[in-house]
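> Sequence and predicted structure, then a few things I'm wondering about:
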Protein chains: 2
Amino acid sequence: MTRLAIALLALASSTAAASVASAQRAAPPLPARVDPRVAALRDAALKDDVAYDIVEGLTTEVGQRLAATDAEARARTWSVARLKALGFKNVHVETYQMPVWLRGAETAEVVAPFPQTLKLVALGNSGATPATGLTAPVVVFRSYGDLANAAPDSVRGKIVYIGNAMRPTQDGSSYGAYGPARFVGPALAARLGAAAVVIKSIGTDHHRNPHTGGTNFPEGVAPIPAAALSVPDAELIERMADRGKPITLKLVLTPRFAGTGTSGNVIAEVPGSDPKAGVVLIGGHLDSWDLGTGAIDDASGVAITAAAAKRILDGPKPRRTIRVVWFGAEEPGGYGGKDYARVHGGERHATAGESDFGADRIWRFEVNLPDTAKPIADRLQAALAPLGIARGAGVGGDGTDVGPTLALGVAAIDLDQDGTRYFDTHHTPDDTLDRIDPEQLRQNVAAWTTMLAVVANAPEDIGPVTPRR
Amino acid sequence: MTRLAIALLALASSTAAASVASAQRAAPPLPARVDPRVAALRDAALKDDVAYDIVEGLTTEVGQRLAATDAEARARTWSVARLKALGFKNVHVETYQMPVWLRGAETAEVVAPFPQTLKLVALGNSGATPATGLTAPVVVFRSYGDLANAAPDSVRGKIVYIGNAMRPTQDGSSYGAYGPARFVGPALAARLGAAAVVIKSIGTDHHRNPHTGGTNFPEGVAPIPAAALSVPDAELIERMADRGKPITLKLVLTPRFAGTGTSGNVIAEVPGSDPKAGVVLIGGHLDSWDLGTGAIDDASGVAITAAAAKRILDGPKPRRTIRVVWFGAEEPGGYGGKDYARVHGGERHATAGESDFGADRIWRFEVNLPDTAKPIADRLQAALAPLGIARGAGVGGDGTDVGPTLALGVAAIDLDQDGTRYFDTHHTPDDTLDRIDPEQLRQNVAAWTTMLAVVANAPEDIGPVTPRR
């Protein structure tokens, strides 16, 4: 070793020492100790098959499960049998009534300037065209913002097209950014006197499978026909518009409201030893849209949460009761979640969380816990870290189904899935079993098992919180 | 350095020297010199926009172009105008008559054991069910081979399901390996007395977009209803079959034969200076299936070959006439290619080649040239190498459209596209403009430009060959 090399080494060494000192000054607290029983449950769950079996079974033996239809009822029967077979306690269904919306015919064609047929699907709660169809000129808005700033004269009597520039995001935030074109765009177009509205699908794929989803016409706004074009079809319309020629569309959309029907929540429990400690509420939604077989939305969510609870069920009785709810009728308006809060809101809940964002790996968790229970989050952080899950900077408390319960002041624990490819498939015919990656599904089960092992047995009191919003 | 290390180095050195000597002994001849004019044309073509404009125009302004329909006629009108605008000579249409097959309604549902709707499309030349549908038990064959070895009693009166295990291949060879389930499976099922046949799509994707394509019922075999399920729907049927329960399907398929109609080839030329040197025939097919807008099958093929010819057109007159043919009615049975050979087979052709395998990059070329013209292949090899294109070990001469001309003994030059993702989209609604990668499309134009620059100006005589098959 030369003198120069020795000198360089010494310099590097002192620099490294300075860096360590700096890092130590800014360092977070040492990680919490991971209970070996939690670690063992977590690691065993990485070999889980229960969740995949549930997704495979629901998609194969039931298929689509549109809310308040016979198919959703068959799904409830299937679910009760499966949850009982898995050994859960207090398995039962709680029903409620709700309006029924059913898809009809749905075809579209460009009449001019370049005759072509288009692929589109009606949005949930869409009004209908005459059975013979509606033909009208198209006014093209590249975004919801453009429509919001439109002169009513430009819209009246026309078919409104609303585009978007949605791109994939890991946290799904682009759904919130571009979704309003679907959520409230049709109602705005109706108020402006439009004859109908077609949106570019709220989706991130390039397939001829349009994305359905609910839209909302408030009291006093009569529903107009409202549908989503597949992304390639929307791009075709925009290319025609780029040529500056007037576009005329013919739409046939015959969905209908079919009165009131029955939906329901399927409930199963892992009984706890301390009834006063509050219930740990978890679940997903059993209903689906009617185009695919509801694999990622949301057979995977009910499967992941039940598979995790099953792992606690098979061990020593936890302190807190774990309640697994497979909610009904999430898609058309969160009816199941509202009914659950109506029936059970008076019971003490320790925490609530749901899985409704597919089956890709969980990458982040966020909580809303009272000060007395903060150490729980530290223990979760340490126990989830080996699964590649980091603690987010935000406040937890997301979800349509547990939302009405969270709104009562229940603490929240969110396990956030990677949404990068979720909106390729969301609400399309492509939501089928093959979208499930079994390895990532198992990581989800491991994360939920870990959460349950930590939270259901936490000695801390988990009292009420201020809801996130 | 130790003595051992020195000894090892010496050994390595002598081994390396021996390897170099061995490689030199086995080395191929030195590459041919690339004519700088050829290289300049090739490199300029990497900035081509003509091909993309043609694909964009055909898919936007015409859309699907089913053979012998008004849509294909509109495509011919569009094509003549575009080819004339590009400056080609002798632009004209040559028509012929052919049988017309038109798609009708197509729905399917599992009646038992698990009611679900399925996505399927009729195959070209399919027979029809009654308008009210056909309900029958299903017999599941996992492959065409299993059907070929079935006892007729197991098939008679049933709906035959034929699966496959097709995977992507760069050279497209898996289409030949698994395609017979579509090409001849329905006819075999018909001979065995089946009521109908549904195949797993001949495709490599996982989307709910089934792959259509022609099937063939020979003289004397009455067409039965024949359709393709999307890959996820086929997997669903197989999962149901795995449960060992009898499956009953209801099919509604109402395609029809609509007599005789007119199709045609669109022809354009770059005139050469030496009429005796023979025509260089290139092209693709203008018709498409009716589900997508025929972007990769085969707007890209007509676009690539015309864009390349346009680059020769804009320079000094070549020795040989280049004839660009946008063939009609390839999909239902190669009618355009047969008609071309009937009309023009008596003319001297130097070479023929077609582009009908999408728009991904060309990775290989193969030729069938007479001995007098072998140096042409060496010059092609040198000129194409910078585009990432290597010379294949096989004999060229592929293609439905130029096939009847090649069969007359015309020399062949194939430029083979990468087919790895081709069968994700082939014959589906997803065959739309967004499938085209503009950079890879330009590489195609550069390869065809290079080929034309070499072949159309080659001083060698290019006489007849023995066809590949």
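Cool, got the structure. Numbers count the residues shown, from 1 in each chain, chains lettered A, B, ... in the order given.
> How about the residue of the stretch 201-350 of chain A at minimum distance from chain B, nearest residue that isn't a chain neighbour?
Here the stretch 201-350 of chain A gets closest to chain B at one residue, residue A:208, 3.8 Å apart by C-beta to the nearest C-beta. Quick note: C-beta positions are derived from backbone N, CA and C, even for glycine. In this structure, residue A:208 finds its nearest non-sequential neighbour in residue B:429, 3.8 Å apart by C-beta to C-beta, 6 or more residues apart in numbering or on different chains.
> in the stretch 351-469 of chain A, which ranges drop under the pLDDT threshold?
Of all residues in the stretch 351-469 of chain A, none has pLDDT under 70.
> Would you map the strands across it?
A:362-368, A:390-391, A:411-417 (DSSP state E, counting those that start in this stretch).
> follow-up on the earlier one: contacting residues around the residue nearest to residue A:208?
If you count contacts by C-beta atoms under 8 Å, 6 or more residues apart in numbering or on different chains, residue B:429 has them with A:119, A:208, B:209, B:291-292.
> what does residue A:452 give?
Shown in contact with residue A:452 (C-beta under 8 Å, 6+ apart): A:280, A:282, A:308-309, A:311-312, A:318, A:322.
> Please flag which of those residues sit within helices.
Among these, DSSP state H puts A:308-309, A:311-312 in helices.
> Near chain B, which residues of the stretch 201-350 of chain A are found?
Contact residues, the stretch 201-350 of chain A versus chain B (C-beta under 8 Å from any C-beta of the partner chain): A:206-209, A:231-232, A:235-236, A:239-240, A:243, A:292-293.
> hmm, which of those residues are the buried ones?
A:207-209, A:231-232, A:235-236, A:239-240, A:292-293 (16 or more other C-beta atoms under 10 Å in any protein chain shown).
> circling back: now the ones in helices among the contacts of residue A:452 as CSV including neighbour count?
Converted to CSV, those look like this (neighbours: other C-beta atoms under 10 Å in any protein chain shown):
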residue, neighbour count
A:308, 31
A:309, 28
A:311, 22
A:312, 22
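> Which secondary structure element of chain A has the lowest mean pLDDT?
Within chain A, no helix or strand scores below helix A:3-26, which has a mean of 47 by mean pLDDT, DSSP states H and E.
> Quick check: next helix or strand after that helix?
Once the chain leaves helix A:3-26, the next helix or strand it forms, by DSSP states H and E, is helix A:36-45.
> what's the distance between that following helix and the middle of its chain?
Distance of helix A:36-45 from its chain centroid, counting by C-alpha atoms, centre = their mean, to the nearest Å, is 27 Å.
> Please save the CA atoms from it in CSV.
Taking C-alpha atoms only, helix A:36-45 is exported to CSV below (Å, rounded to 0.1, in the frame of the first residue of the first chain):
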residue,chain,number,x,y,z
PRO,A,36,-41.6,-13.0,17.2
ARG,A,37,-45.2,-14.3,17.1
VAL,A,38,-46.1,-11.5,14.7
ALA,A,39,-43.1,-12.1,12.5
ALA,A,40,-44.0,-15.8,12.4
LEU,A,41,-47.6,-15.2,11.3
ARG,A,42,-46.4,-12.6,8.7
ASP,A,43,-43.9,-15.0,7.2
ALA,A,44,-46.2,-17.9,7.1
ALA,A,45,-48.8,-15.8,5.3
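> ok, residues contacting the helix or strand just after that helix?
The C-terminal neighbour of helix A:36-45 among helices and strands, as given by DSSP H and E, is helix A:50-57. The contact list for helix A:50-57 (C-beta under 8 Å, 6+ apart) reads A:78, A:82, A:86, A:295, A:299-300, A:302-304, A:306-307, A:310, A:359, A:433, A:436, A:438, A:441-442, A:444-445, B:239.
> in terms of contact, does residue A:463 touch residue A:372 like I think?
Yes. Counting by C-beta atoms under 8 Å, residue A:463 does reach residue A:372; the two are 6.3 Å apart.
> So for the two, which sits in the more crowded spot?
Neighbours per residue (other C-beta atoms under 10 Å in any protein chain shown) separate residue A:463 from residue A:372, with residue A:463 holding more: 16 against 11.
> For that one, give me its contacts.
Counting by C-beta under 8 Å, 6+ apart, residue A:463 touches A:370, A:372-373, A:411.
> Pull the most distant pair out of those residues.
Maximum pairwise distance among those (C-beta to C-beta): 10.2 Å, between A:372 and A:411.
> joint contacts of the two?
In contact with both residue A:372 and residue A:411: A:462-463, using C-beta under 8 Å, 6+ apart.
> Just the buried residues of stretch A:186-206, please?
For stretch A:186-206, the neighbour count (16+ other C-beta under 10 Å) marks A:186-192, A:194-205 as buried.
> Of all the residues in the stretch 351-469 of chain A, which one is nearest chain B?
At 3.8 Å from chain B, residue A:429 is the closest residue in the stretch 351-469 of chain A, using C-beta to the nearest C-beta.
> Next, give phi and psi for the residue nearest to residue A:208.
Note on residue B:429: its backbone torsions stand at phi -60, psi -20 [degrees, to the nearest 10].
> what do you get for residue A:121?
phi -140, psi 150.
> That one and chain B, how far apart?
12 Å (C-beta to the nearest C-beta, to the nearest Å).
> Repeat that for residue A:33.
44 Å.
> again with residue A:129
Taken as C-beta to the nearest C-beta, the span from residue A:129 to chain B is 20 Å.
> Now that residue. Its backbone dihedrals?
phi -90, psi 170.
> Over to residue A:265?
When read as degrees, to the nearest 10, the backbone of residue A:265 gives phi -100, psi 140.
> now for the contacts of residue A:452, which pair is the farthest apart?
The span of those, defined through C-beta to C-beta, is set by A:280 and A:311 at 13.6 Å.
> Packing partners of the host helix or strand of residue A:267?
Using DSSP H and E, the element containing residue A:267 is strand A:256-270. Helices and strands touching strand A:256-270, by 3 or more C-beta pairs under 8 Å, 6 or more residues apart in numbering or on different chains; DSSP states H and E, are helix A:70-85, strand A:89-102, helix A:300-313, strand A:322-327, helix A:335-344.
> CA atoms of it as CSV?
C-alpha atoms of strand A:256-270 as CSV (Å, rounded to 0.1, in the frame of the first residue of the first chain):
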residue,chain,number,x,y,z
ARG,A,256,-83.1,1.3,-16.9
PHE,A,257,-84.0,1.8,-13.3
ALA,A,258,-85.8,-1.3,-12.1
GLY,A,259,-87.3,-0.2,-8.8
THR,A,260,-86.1,-1.3,-5.4
GLY,A,261,-84.1,-4.5,-4.8
THR,A,262,-82.3,-6.3,-2.0
SER,A,263,-78.6,-6.1,-1.4
GLY,A,264,-76.7,-7.2,1.8
ASN,A,265,-73.5,-7.3,3.8
VAL,A,266,-71.9,-10.7,4.6
ILE,A,267,-70.4,-10.7,8.1
ALA,A,268,-68.0,-13.1,9.8
GLU,A,269,-66.1,-12.9,13.0
VAL,A,270,-63.0,-14.0,14.9
